[in-house]
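[1] sequence? don't have it. structure:
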């Protein structure tokens, strides 16, 4: 269900930011493992669980959207289309997640090289992994927040 007030919306956003931070910590932990490639696989798995969880918290999963009133659905899809928000209201697949991770691909190359530098490289790799996951997750939270906020504004005008 879409948050019905600004206070409720802010609470959901804060809960999602917390969820992102926890998942980013897991990403940092796997990034510190010196085996090349394991962090990318872990990041894909984390995002395949995290993105749908954020969508559900905001009431923006595909299943939830399909159950809404046609007028609400129209507003949601207009906002999503206008903003180009590809991860809201869709089934999150490995391909979609991989495309999202490509947005932070420069960091991924650096992360793989750092795996070969003991201790300092592993620590730097963990920091990069944390920052990349936090960026992707928080960006999605911000997108969902913006969609819900526009829905609230549209409902207030009615």
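    Good, I have the coordinates. Note that the structure is a prediction, hence the values are computed from the model and not measured.
[2] Of all the residues in the helix or strand harbouring residue 71, which ones are buried?
    Using DSSP states H and E, residue 71 sits in helix 70-83. Across helix 70-83, burial judged by 16 or more other C-beta atoms under 10 Å covers 72, 75-76, 79-80. Any C-beta I mention is one placed from the backbone N, CA and C, and that applies to glycine too.
[3] what's the spacing between the helix ranked longest in the chain and its chain's center?
    The longest helix of the chain (DSSP state H) is helix 120-157. The chain centroid and the centroid of helix 120-157 are separated by 6 Å under C-alpha atoms, centre = their mean, to the nearest Å.
[4] what inclination does it have with respect to helix 70-83?
    With axes from the mean of the first three to the mean of the last three C-alpha atoms, to 10 degrees applied, the angle from helix 120-157 to helix 70-83 works out at 140 degrees.
[5] quick one: least confident helix or strand in this protein?
    The helix or strand of the chain with the poorest confidence is helix 105-114; it has a mean of 52 (mean pLDDT, DSSP states H and E).
[6] what's residue 126 in contact with, if anything?
    For residue 126, the contacting residues are 28-29, 31-32, by C-beta atoms under 8 Å, 6 or more residues apart in numbering.
[7] quick revisit: neighbouring contacts of the helix holding residue 71?
    Under C-beta under 8 Å, 6+ apart, the answer for helix 70-83 is 2, 60, 65-66, 68, 85, 88-89, 143, 146-147, 150-151, 154.
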